[in-house]
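K.L.:
I would like the atomic coordinates for the input below:
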Amino acid sequence: MLRALAIAVLAVAAAAALLWRSILPPAPLAVPPRGATFERVTVVQPGEGRRADRRIVIEGDRIAALEPASGEDDLAGLYALPGLIDMHVHFPPDTGLRQGEIFSFLFLMHGVTTVRDAGDVDGTSSTPPREGVRAGRFPGPRSFACGPFVDGEPTQWANSIVALDAAAAMAAVERIAAEGWDCIKVYDHLPAESLAAVHAAADRVGLPVIGHVPVATSLAEAHLDDVQHLTGVARKKGDDRPFPAVLDAWRSFGPDDAAAVIEASLRLGIAHTPTFVVLERGIGYRDYPKLAASPDVALLPRYYRDLVWDPEVGMPFVRNQGERDFRLREDAYLAGTELVGEMHRAGVAIHAGTDTQVPYVVPGAALHRELRILSDAAGLGPEAAVAAATTVPGRSLALAGLGRIEPGAPADLVLFRRDPTRDLDALDTIEAVVADGRLYRRPELDAQMQRYREYYASPVFDSVSRFFVRRLLASMFEDEGKEE
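P.N.:
Modelled structure (predicted):
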């Protein structure tokens, strides 16, 4: 009897272990040792020029030398650009399935070697990918992360520090700095008094303040280092309408408003990370089958397009969208891209960012889409668009030489067959990526992506993941009903 029970327990344990292994992703791409040399490449510093027939020597995590070529190798004739920087990302919550690891790989595969993680929505999202890459457990971009949001009431995200007065705001900044985060992310309902205290405390600890312009302040009063999504640029002070209804403010945004935004941005040194790809993908919901068939969507598991992002059964904010919502996004897109073009021509710093975790904003691929929008819709042109993801944001992040190819700079670069500063279609010609001094070649990246695709297609993973996602979505709607 006991022997039979023991055998049954072992059998159940073995089956559970087998099931768990079958839903875990494959082993990550091996992290190679640091160091590499490239001969006869054209070095392109976006917005500043190019030098042909260069030799790049990487030692450790730095560029050791940039000098005339002395020979050839199998990567000769390529174009070397600084690694791409995505200035607004979010990683998925830590469910034990290592999705942050997959996001990290997708960034790297698309040449993104640095990200700014603009807020950990639940307290589990930022640390696993950030520390995993740092420790060399799997490949990915370096991450400058803001940690918890600083907000008033009501909050939108679970991982928010409520700061209703100056004392609470200063304590929030001190906590964020003590925990080792790299920036302060402020949000919609932070009171003006609290925001002023955030700035004072952030100056003392040497951290930048980014985020949404709070409802209680104007753009100039908020004086953020970097405004995300143009939030608060068109909206009038005190306008607390939810998204997307608040986009209606762009319909009355005129030349005088644009001039005021440009003046304040230049005078106060405010940069902008517009994340137009969020609006572009939101507009795509008008033809959902076409949106769901986008090639980049296949880089993530099927449950995203079939469940999480589906307008019939997905997250609450993707349901019940109508023509008015699409037109609001279209109007905001048109007015916003026009404004960003004007800001760029006036000398305002424009940063490329994407807002991964938003529906259909796929890590890495979305940054390529954002660069095309900045180039074409906003009128920056290819070179300035690429500069918005390399040279320009590199100046604002706390690592000397980031976004540059020069001796002493961090060894982050991408090798292309063609020059994307001449034609953004060349973004699809990546032959190698160097992140933190480690060289990843195209065949290795492609092989790992194929392993992920096979993993997504596995019947066990597909059925188990879809089962749990359905339950999660059902619980979210139950909670939403209770709140109402």
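K.L.:
Below-threshold pLDDT in the protein: ranges please.
P.N.:
1-22, 476-484 (pLDDT under 70).
K.L.:
what residue is smack in the middle of it?
P.N.:
Val89 (2.3 Å; Cα atoms, centre = their mean).
K.L.:
Quick one: residues contacting it.
P.N.:
Phe107, Val115, Arg116, Asp117, Ala118, Gly353, Thr354, Asp355, Thr356, Gln357, Pro363 (Cβ atoms under 8 Å, 6 or more residues apart in numbering). Placement of C-beta: from N, CA and C, glycine included.
K.L.:
Specify the beta-bridge partners of it.
P.N.:
Asp117 (DSSP bridges).
K.L.:
That one and Thr354, how far apart?
P.N.:
Val89 sits 6 Å away from Thr354, taking Cβ to Cβ, to the nearest Å as the criterion.
K.L.:
Helices along the stretch 1-150 of the chain, start to end?
P.N.:
2-23, 99-109, 127-134 (DSSP state H, counting those that start in this stretch).
K.L.:
how many neighbours does Gly347 have?
P.N.:
9 (other Cβ atoms under 10 Å).
K.L.:
Now it: closest residue in space, sequence neighbours ignored.
P.N.:
Leu266 (6.3 Å; Cβ to Cβ, 6 or more residues apart in numbering).
K.L.:
what helix or strand does the one you found sit in?
P.N.:
Assigned by DSSP states H and E, Leu266 belongs to helix 255-268.
K.L.:
what do you get for Arg453?
P.N.:
Using DSSP H and E, Arg453 falls in helix 442-457.
K.L.:
centre of the chain versus that helix, how much separation?
P.N.:
In this view, helix 442-457 has its centroid 21 Å away from the chain centroid, taken as Cα atoms, centre = their mean, to the nearest Å.
K.L.:
Counting by contacts, list what that helix packs against.
P.N.:
helix 99-109, strand 430-435 (3 or more Cβ pairs under 8 Å, 6 or more residues apart in numbering; DSSP states H and E).
K.L.:
got the angle for the last one vs helix 99-109?
P.N.:
So the one you mean is strand 430-435. 120 degrees (axes from the mean of the first three to the mean of the last three Cα atoms, to 10 degrees).
K.L.:
which parts of strand 430-435 are buried?
P.N.:
Across strand 430-435, burial judged by 16 or more other Cβ atoms under 10 Å covers Ile430, Glu431, Ala432, Val433, Val434, Ala435.
K.L.:
and Gly60, which of the helices and strands packed on helix 442-457 is closest to it?
P.N.:
strand 430-435 (12.0 Å; Cβ to Cβ).
K.L.:
All the strands of the stretch 51-200 of the chain, residue numbers only.
P.N.:
62-68, 79-82, 84-89, 112-117, 142-145, 149-151, 160-162, 184-186 (DSSP state E, counting those that start in this stretch).
K.L.:
Quickly name whichever of the buried residues of strand 430-435 is closest to Gly341.
P.N.:
The closest of those to Gly341 turns out to be Ile430 (Cβ to Cβ; 27.3 Å).
K.L.:
Who are the contact partners of Gly408?
P.N.:
Arg62, Ile63, Ala400, Gly401 are the contacts of Gly408 under Cβ under 8 Å, 6+ apart.
K.L.:
coming back round to it: tabulate the buried residues of strand 430-435 (a markdown table), appending distance to Asp296.
P.N.:
Formatted as a markdown table, the buried residues of strand 430-435 follow (distance: Cβ to Cβ, whole Å):
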| residue | distance to Asp296 |
| --- | --- |
| Ile430 | 14 |
| Glu431 | 20 |
| Ala432 | 21 |
| Val433 | 17 |
| Val434 | 23 |
| Ala435 | 20 |
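K.L.:
Pick out the most distant pair among those residues.
P.N.:
Distances among these were taken as Cβ to Cβ; the most separated pair is Glu431 and Ala435, at 14.5 Å.
K.L.:
Skipping its backbone neighbours, what lies nearest Met109 in space?
P.N.:
Nearest to Met109 is Leu445, by Cβ to Cβ, 6+ apart, at 4.9 Å.
K.L.:
Return the set of residues that bridge with Val414.
P.N.:
With DSSP bridges as the rule, Val414 is bridged to Leu81, Val433.
K.L.:
any idea how far it lies from Ile405?
P.N.:
Val414 is 10 Å from Ile405, by Cβ to Cβ.
K.L.:
Are there residues contacting both of these two? Which ones?
P.N.:
Ala80, Leu81, Pro82.
K.L.:
can you tell me which of the helices and strands packed on helix 442-457 comes nearest to Ala36?
P.N.:
That would be, of those and by Cβ to Cβ, strand 430-435, which comes in at 6.4 Å.
K.L.:
and that closest one with strand 62-68, angle?
P.N.:
Using the same axes, to 10 degrees: strand 430-435 against strand 62-68 is 130 degrees.
K.L.:
Tell me who's in contact with Leu300.
P.N.:
Ile102, Leu106, Val362, Tyr456.
K.L.:
How are the strands of the stretch 251-400 of the chain distributed by residue range?
P.N.:
271-273.
K.L.:
Walking through it, point out its helices one by one.
P.N.:
Going by DSSP H, counting those that start in this stretch, the stretch 251-400 of the chain shows helices at 255-268, 276-283, 288-292, 302-303, 323-346, 365-376, 381-387, 391-394.
K.L.:
For these, give me CSV that also has mean neighbour count.
P.N.:
Output for the helices of the stretch 251-400 of the chain, formatted as CSV (neighbours: other Cβ atoms under 10 Å):
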stretch, mean neighbour count
helix 255-268, 15
helix 276-283, 24
helix 288-292, 14
helix 302-303, 19
helix 323-346, 19
helix 365-376, 24
helix 381-387, 23
helix 391-394, 23
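K.L.:
any chance of these in a markdown table, with distance to Gly49 too?
P.N.:
Converted to a markdown table, those look like this (distance: least, Cβ to Cβ, whole Å):
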| stretch | distance to Gly49 |
| --- | --- |
| helix 255-268 | 25 |
| helix 276-283 | 27 |
| helix 288-292 | 39 |
| helix 302-303 | 45 |
| helix 323-346 | 19 |
| helix 365-376 | 19 |
| helix 381-387 | 10 |
| helix 391-394 | 11 |
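K.L.:
Nearest to Met170, out of these?
P.N.:
helix 255-268 (21.6 Å).
K.L.:
which residues sit against that closest one?
P.N.:
Residues contacting helix 255-268 (Cβ under 8 Å, 6+ apart): 219-220, 223, 233-234, 270-272, 338-339, 342-343, 346-348.
K.L.:
Return the distance of that helix from the chain's centre.
P.N.:
On Cα atoms, centre = their mean, the centre of helix 255-268 falls 26 Å from that of its chain.
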